[in-house]
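Participant: Give me a model of this one.
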Amino acid sequence: MSEEIVLDPDRLLPANPSTREIARGLFAQVEHLPIVSPHGHVDAGLLRRDASLGDATTLLVAHDHYVTRLLHANGEALDRLLVGGAIGDAPAREAWRRFCASWDLFDGTASGYWLASELRELLGVGVRPSAENADALFDHIGATLARPDFRPRALFARFGIEVLATTDDVLDTLEDHAALAADPSFTGRVVPTFRPDRFIDPQVRGWAEAVDALLATDDARGSSLFNSYLTALQRRRRHFIEHGAVSADHGTVQPETLRLDPAEADALLERLLAGRGDAHDAKRFAAHMLYQMARMSVEDGLVMTIHAGVLRNHHTPTFERHGPDTGHDLPVATRFVEPLRPLLEDFGTAPGFHLVLFAVDETSWSRELAPLAGFYPSVYLGAPWWFLDAPDAIRRFREAVTETAGFSRSSGFIDDTRAFCSIPVRHDTARRVDSGYLARLVDEGRIPLARAERLIVDLVDAAPRRVFKL
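Facilitator: Numbering: from 1, shown residues only. Predicted structure coming up:
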């Protein structure tokens, strides 16, 4: 007999009875507030097309590297997991069977928590997946997803999403965003995010080709190649702003910044594009361009976010076979104070400049990020990200940064997900954990209840609007 999926109404709230009672009241204030999602990776075309979300494998397995990486670690080949198709598609059904047979692997993980909530609350699945019920669940989920009320736009409204940011290539036409904005039948707000990594970092595969494509789109020619390159980037940023963008996102292993004089920057660019530059040249140019991106944000108002500390594509054979974002990106130790000093020396106190710093290195939270946010008016603490967007890590984040930077210097929760249907449970998780943290402060006599009631609303609703200028 299948075991039931049980969702405790007090899940993630403190175990201490008096603290839990306070947390219940705080959570009740924000449980149904709209979702403001200022950074994520859902494709705007998903909402423009408004087509069926497919089958159980496509929805919950194939595109979720949290899921596929743990299955792979336990012996499953990615070839048998990274599939999807119409209901009845044999590879998709077989991948779902493998996932269901391995359900117990997700006990205690953030993925298991999210998946259980999606299955129970969204898809009406009341039993834990298993080898025995895999086919029945595959058919049930497929039939559910085929219903009109499970199309992306209907779910967007059901989830209570008010703002959803996508992440987009510099040369994207943004036609999906324009179509959504012009469509009177869609009342949500979907905004693009400027993501220039492959155009500004020579260490990224295909950088030279990307720069050539960027320069080919722009008629302006400055006094040097580097000035033409900067002008092209600035014009693309304006294109994004015209389509509603509020932020520019930068992913980097280490957040190195460097101030170069224009002649040296121009010489570096020419040398690197000609294939004569070395690794040191590439690193210096990338650091200077991160500095230049901050300068542009000061000028045009786009919020600058830096997601640092992940080494991409750690396993070359997997990358060559399956491409990026397939579960083998891994965290590394990250420094911020010295690497960001050139940027912050020049722009850290610039009026209106917002710099949101994300890290997957927990040791940096109290050692570097909270002190930086506790001095520079431009610096905000990005929510726990990627490997750390999980209940216990969110709690550790609050404990690590609040005593130094308080609550006002944090961004609010950022879901940063490609998995559209996981958005509400991720935000629900953060709301529960933050309610519990504030309840503990109240129970310990550290803040009054009335103040906690205002803070929880600020963290959930006002903070992301304020930090991302929404």
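Participant: Spell out, range by range, the strands that occur in the stretch 201-350 of the chain.
Facilitator: Secondary structure of the stretch 201-350 of the chain by DSSP state E, counting those that start in this stretch: the strands cover 247-252, 303-308, 310-311, 330-331.
Participant: Name the SS class of the residue nearest the centre of the chain, please.
Facilitator: Nearest residue to the geometric centre of the chain (C-alpha atoms, centre = their mean): D416, 1.7 Å. Classification of D416 using DSSP: H, G, I helix; E, B strand; the rest coil returns coil.
Participant: Surely it touches F387?
Facilitator: No - with contact defined as C-beta atoms under 8 Å, D416 does not reach F387; the gap is 11.2 Å. Any C-beta I mention is one placed from the backbone N, CA and C, and that applies to glycine too.
Participant: still on that earlier bit, which ones are touching the residue nearest to the centre of the chain?
Facilitator: Residues in contact with D416 (C-beta atoms under 8 Å, 6 or more residues apart in numbering) are H39, G40, H41, H307, W385, W386, D389.
Participant: pretty sure the last one contacts G382?
Facilitator: No - when contacts are counted by C-beta under 8 Å, D389 is not listed as touching G382 (10.6 Å).
Participant: what is in contact with the two at once?
Facilitator: Residues touching both D389 and G382 (C-beta under 8 Å, 6+ apart): I414.
Participant: can you list the weak-confidence ranges in this protein?
Facilitator: Applying pLDDT under 70 to the chain flags the ranges 1, 84-90, 220-222.
Participant: let's see 80
Facilitator: Counting by pLDDT under 80, the chain shows low-confidence ranges at 1-2, 84-90, 218-223.
Participant: If you count neighbours, what's buried in stretch 145-155?
Facilitator: L145, F150, R151, P152, R153, L155 (16 or more other C-beta atoms under 10 Å).
Participant: so the last one touches S422, yeah?
Facilitator: Meaning L155. No - the pair L155 and S422 does not pass the contact test of C-beta under 8 Å, sitting 11.5 Å apart.
Participant: any common contacting residues for the two?
Facilitator: Between them, L155 and S422 share no contacting residue under C-beta under 8 Å, 6+ apart.
Participant: quick revisit: can you pull the phi and psi angles for the residue nearest to the centre of the chain?
Facilitator: Main-chain dihedrals, D416, degrees, to the nearest 10: phi 50, psi 50.
Participant: so how far is R80 from it?
Facilitator: 27 Å (C-beta to C-beta, to the nearest Å).
Participant: same question, S223
Facilitator: 56 Å.
Participant: What of P317?
Facilitator: Per C-beta to C-beta, P317 is found 16 Å from R80.
Participant: more neighbours, the two?
Facilitator: Higher neighbour count among P317 and R80: R80, with 14 against 8, using other C-beta atoms under 10 Å.
Participant: For that one, list the residues it contacts.
Facilitator: Contacts of R80 by C-beta under 8 Å, 6+ apart are P91, E94, A95, R98.
Participant: Okay, helices next: where are they in the stretch 101-250 of the chain?
Facilitator: 110-117, 134-145, 152-158, 175-182, 197-200, 207-216, 225-242 (DSSP state H, counting those that start in this stretch).
Participant: What lies in contact with the first one?
Facilitator: By C-beta under 8 Å, 6+ apart, the surrounding residues in contact with helix 110-117 are 5, 7, 60, 64, 66-67, 70, 106, 128, 389-391, 422, 425-426, 428-429.
Participant: Looking at the contacts of D416, which one is closest to H328?
Facilitator: H328 has its nearest neighbour among the contacts of D416 in W386, at 13.1 Å by C-beta to C-beta.
Participant: what about the closest residue to the closest one other than its chain neighbours, distance to W103?
Facilitator: Leaving aside its chain neighbours, W386 sits nearest to V360 (5.3 Å; criterion: C-beta to C-beta, 6 or more residues apart in numbering). Distance, V360 to W103, by C-beta to C-beta: 26 Å.
Participant: more crowded one of these two?
Facilitator: Between V360 and W103, counting by other C-beta under 10 Å, V360 is the more crowded of the two (22 against 18).
Participant: ok, the more buried one - contacts?
Facilitator: Listed by C-beta under 8 Å, 6+ apart, the contact partners of V360 are G309, V310, P331, T334, W385, W386, F387, L388.
Participant: cool, and A462?
Facilitator: By C-beta under 8 Å, 6+ apart, the contact list for A462 reads G412.
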